[in-house]
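Q: structure of the sequence below:
(one chain, ligands or ions: 3)
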Amino acid sequence: MTLKIASFDFTCCEGCQLQLANRESTLIDFLELLNIRNFREILSEKHEDYDIVFIEGSISRQDEVERLLKIRERAKVLVAFGTCACFGGVNSLKNRFKLDEAVREVYGNMAIETLPVRKISDLVKVDLSIPGCPVAKEEVERIMVSLATDSIPTLPNYPVCVECKQQLNTCLFDLGEICLGPITRAGCNAVCPTGKTACLGCRGPAEELNMPAFFELVKERGLSLDDLHEKLAFYNAFEPLATDET
Ligand code: SF4
Ligand code: SF4
Ligand code: SF4
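A: Numbers count the residues shown, from 1 in each chain. Ligands and ions are numbered 1, 2, ... in the order given. Okay, the predicted model is just below:
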């Protein structure tokens, strides 16, 4: 079955959409599965009939709200595509500031319209979420095949630590760093800890995670809870769990 898809970007860096177009080894096979109706980075034609729509980015302006509502009306299946769409992503950091003061600081007296950042599910029904900053191309391809064959798409429910251990990495906690791998959904092949960088949780919470135990681990290791909160806030992917400190 060929899927009629469209992809639209909102407040984001467009890195997730690029993931769909940049893996040349599988691109031809992948495109054969798709009837692309609207996708600015791949196609100049624009059609308004599509079944599955990928929404990249979070929402931070009123015109984006209105555009998103119209897209939702047309789509049978709406996919929140990437961490910005699923959780707000790095854009959510702006919600920590007073917006009028921040706008004045950055833009001076220019008239800039901006709203607090919201994830897609704050505004419309989301049928499927594919997290990641950026999304993992292999995972997107696997999910597309599931949709094309009427199977239920799934994401790994276990944490990043599983993939990290498979790669025989030294745990960053043993090197005195806080890593969100124990509470974050796997699927990225533990790319950050493998590169000696702590996981910041871009793929959001793993299933059945034990947040109080994770806070205890950080305390037992003598690491900073302030640093932990900074890391949890980075992608906004752990709200409201981030405050579950018991
Ligand atoms: S999730 Fe990351 S890569 Fe994707 S659009 Fe947002 S900032 Fe860019
Ligand atoms: S480095 Fe991070 S992901 Fe790897 S085992 Fe340690 S806590 Fe888990
Ligand atoms: S290791 Fe963590 S921050 Fe890095 S890509 Fe994977 S889930 Fe995202």
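
Q: got the contact list for the residue nearest the centre of the chain?
A: For the chain, the residue nearest the mean C-alpha position is T83 (1.2 Å; Cα atoms, centre = their mean). Applying Cβ atoms under 8 Å, 6 or more residues apart in numbering to T83 gives the contacts 89-90, 131-133, 202-204, 235, 237. C-beta coordinates here come from the backbone N, C-alpha and C atoms, glycine included.

Q: go with 7 Å
A: Going by Cβ atoms under 7 Å, 6 or more residues apart in numbering, T83 touches 89, 131-133, 202, 235, 237.

Q: then E113?
A: Applying Cβ under 7 Å, 6+ apart, the residues near E113 are 61-62.

Q: what residues does this structure put near ligand 3?
A: Taking Cβ under 6 Å from any ligand atom as the criterion, the chain approaches ligand 3 at residues 160, 184, 188, 190-193, 199-203.

Q: a markdown table for those residues, including distance to L18 and secondary structure?
A: Shown next, in a markdown table, are the residues of the chain next to ligand 3 (distance: Cβ to Cβ, whole Å; DSSP: H, G, I helix; E, B strand; the rest coil):
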| residue | distance to L18 | secondary structure |
| --- | --- | --- |
| V160 | 23 | helix |
| T184 | 23 | strand |
| C188 | 16 | coil |
| A190 | 22 | coil |
| V191 | 16 | helix |
| C192 | 19 | helix |
| P193 | 24 | helix |
| C199 | 22 | coil |
| L200 | 20 | coil |
| G201 | 22 | coil |
| C202 | 16 | coil |
| R203 | 18 | coil |
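
Q: nearest to ligand 1, of those residues?
A: Within the residues of the chain next to ligand 3, the smallest distance to ligand 1 is 7.0 Å, found for C202 (Cβ to the nearest ligand atom).

Q: just checking, P159 touches G187?
A: No. Using Cβ atoms under 7 Å as the test, P159 is too far from G187 to be in contact (10.3 Å).

Q: quick check: residues of the protein near ligand 2?
A: So far as Cβ under 6 Å from any ligand atom goes, the chain lies against ligand 2 at 160-161, 164-165, 169, 171-173, 179, 181-182, 190, 193, 199.

Q: can you pick the most crowded of these?
A: Greatest neighbour count in the residues of the chain next to ligand 2, by other Cβ atoms under 10 Å, goes to V160: 28 neighbours.

Q: which helices and strands does the least confident helix or strand in the chain by mean pLDDT pack with?
A: Lowest on mean pLDDT, DSSP states H and E among the helices and strands of the chain sits helix 24-32, with a mean of 75. With contacts taken as 3 or more Cβ pairs under 7 Å, 6 or more residues apart in numbering; DSSP states H and E, helix 24-32 sits against no other helix or strand.
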